Every structure is written in structure tokens, then in C-alpha cells.
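Student: please find the sequence and the predicted model below.
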Amino acid sequence: MADDSMPAGNGGELKPAAEVQLEGPQTASGAPQPEGAGGATATPSARSNARTLFYLLGGAILVVLLLLGGAYGWQVWQMRGLERQFALEKSQLSTAQRQALDVQAKDLLRLAARPLAWAVRAELLRGNVSQVDDYFREFVRERGVNSVLLVAPDGKIMLATNRKLETQAADTVVPKSMLDAPDVTLEAAGGLLRLGVPVMGFDRRLGLLVIDYDPAAKR
């Protein structure tokens, strides 16, 4: 006799327990997949931590770069300061050397002109003008001596190493301040040193010795 409590036909057939599906997501093996594992996206907290770490790392790199740039700029500024100081000291040294050379040249010119003026005086007192001309020819051969001339008391050039100047008015080539000066005068003119030495006799002026000297001459 059939049990009336059992459903009839296929519709009432009981399925095995193994065929019953479990609810929720499953893995390929059939087991439920844990939440957050595998391809699950990161949580907002993890993304925030990564961003903070990136900013901190970028900030540290920026600080290091700024420190390196500042150190390099400081070194460049110091080097430029030293270069400027060196250039200034070099310029000052060059100026001091030029001034010392100018003083030395003036002293040497005065020293060399003194015996020439004595010799010219002696020959003029004797009336031996040709000997004075010989002295001039020898003296102009000295290094740096450009020209030598003798101005007569009447203001005309009596003798000159440049023959074209003889008999001309001296004030065309010699400053009036030097022509009228009672003592030795030294002036700078166009890179040259011009020395004027009055040649005095016993009771009158015999003439004015004028020497043009180039302190930079290297012959």
C-alpha cells in the first residue's frame, strides 16, 4: 500500500542534499569567497593612507632639492664675491704699480736732465752752440726720450732734435706756464712726461731746456 504522505511523480521527488546550492557568492570550488579577498577594491582608509604617504615622500624630496639648490646658490654667490674682490684688488694693485712707475719715471727724468742742463749751461757760456746740439743728439738716443729742445730767451726755439721746430715760436709746442716758470717744471702731456729746466747764467737766463719723455717706451 503506497504511503500517502509522499508526493507522487517527479514533482514530489526529493533531491539529494549534495544538490542543494548554498546561498551567497562561491568560489570555483564551491566554497563561499571571503569579502575583500582577490579582486575586491581597497577600502577608503587604505587609499587615504597611500595618498598621505605619497605626499610625505614628495614633500621630503622637495625639501632636499630646495636644500641642495640653496647650498649651490650660496656657493655661487661666495665664488662671485671672491671674484669681485680679486678683481678689485688686482685693479688697485695695477693702479698702485702705475703710480709707482710714474713716480719712478719722473725721478729718473729729473736725475738724467740735471747733468745735461749743467753741460748745456757750460757750453752756452762758452758760446759753443754746436756742442750743445751734439749733446742733444746723444741724449735723444736714450730709451724713452722722444725729443729735446732749447728755447732761447727771446721765446724762439734755438736748438731741437726735430730740425723743423728750430727758429719757430716756442709757445706753439711748449705750454706758456712752463716757458714762464722760474723753476723746474714737470707736466704730463698725451702720455708723455715733459720736463722744463731753466738754464741760468751768472746774471741772466740763458734758455729753457725741454725734454719729452715716454715712460712706457720699450726700445
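Tutor: It's in.

Student: OK, contacts around Gln131?
Tutor: Gln131 is in contact with Glu123, counting by CB atoms under 8 Å, 6 or more residues apart in numbering. From N, CA and C alone the C-beta is placed, and that goes for glycine too.

Student: where does the chain dip in pLDDT?
Tutor: Segments of the chain classed as low confidence (criterion: pLDDT under 70) are 1-42, 86, 88-102, 218-219.

Student: which residue is nearest the middle of it?
Tutor: The C-alpha lying nearest the average C-alpha coordinate of the chain belongs to Ala87 (CA atoms, centre = their mean; 5.7 Å).

Student: and the next element down the chain from the helix or strand hosting it?
Tutor: Taking DSSP states H and E as the criterion, Ala87 maps to helix 44-126. Reading on from helix 44-126 to the C-terminus, the next helix or strand found by DSSP H and E is helix 129-139.

Student: tell me the contacts of Val140?
Tutor: Counted by CB under 8 Å, 6+ apart, Val140 has contacts Asn146, Ser147, Val148, Thr161.

Student: from Gly190, how far off is the third one?
Tutor: As defined by CB to CB, to the nearest Å, Val148 lies at a distance of 17 Å from Gly190.

Student: the more surrounded of the two?
Tutor: Set Val148 next to Gly190 and count neighbours by other CB atoms under 10 Å: Val148 wins out with 27 against 7.

Student: if you skip the residues just before and after it, what's nearest to the more buried one?
Tutor: In this structure, Val148 finds its nearest non-sequential neighbour in Phe136, 4.6 Å apart by CB to CB, 6 or more residues apart in numbering.

Student: just to check, the one you found is in contact with Leu159?
Tutor: Yes. With contact defined as CB atoms under 8 Å, Phe136 counts as touching Leu159 (6.2 Å).

Student: any residues in contact with both of the two?
Tutor: Leu149, Leu150.

Student: run the chain-centre distance for stretch 137-155.
Tutor: 43 Å (CA atoms, centre = their mean, to the nearest Å).

Student: over to stretch 122-141?
Tutor: Put simply, stretch 122-141 sits 52 Å off its chain's centre (CA atoms, centre = their mean).

Student: sorry, back to before: tell me which of the contacts of Val140 fall in strands.
Tutor: Asn146, Ser147, Val148 (DSSP state E).

Student: dig out what the last one forms beta bridges with.
Tutor: When bridges are taken as DSSP bridges, the partners of Val148 come out as Ile211.

Student: so who does it touch?
Tutor: Residues near Val148 by CB under 8 Å, 6+ apart: Leu116, Phe136, Phe139, Val140, Ala160, Thr161, Leu209, Val210, Ile211, Asp212.

Student: the third one and Ala117 touch, don't they?
Tutor: No. Counting by CB under 8 Å, Phe139 does not reach Ala117; the two are 10.9 Å apart.

Student: report how many residues lie close to the closest residue to Tyr213 other than its chain neighbours.
Tutor: Counting by CB to CB, 6+ apart, the nearest residue to Tyr213 once its immediate chain neighbours are dropped is Leu193, at 4.6 Å. By other CB under 10 Å, 21 other residues sit near Leu193.

Student: what does Leu159 give?
Tutor: 21.

Student: report the secondary structure state of it.
Tutor: strand (DSSP: H, G, I helix; E, B strand; the rest coil).

Student: surely it meets Phe139?
Tutor: No. Contact criterion CB under 8 Å: Leu159 and Phe139 do not qualify, at 11.7 Å.

Student: I am finished for the moment; much appreciated.
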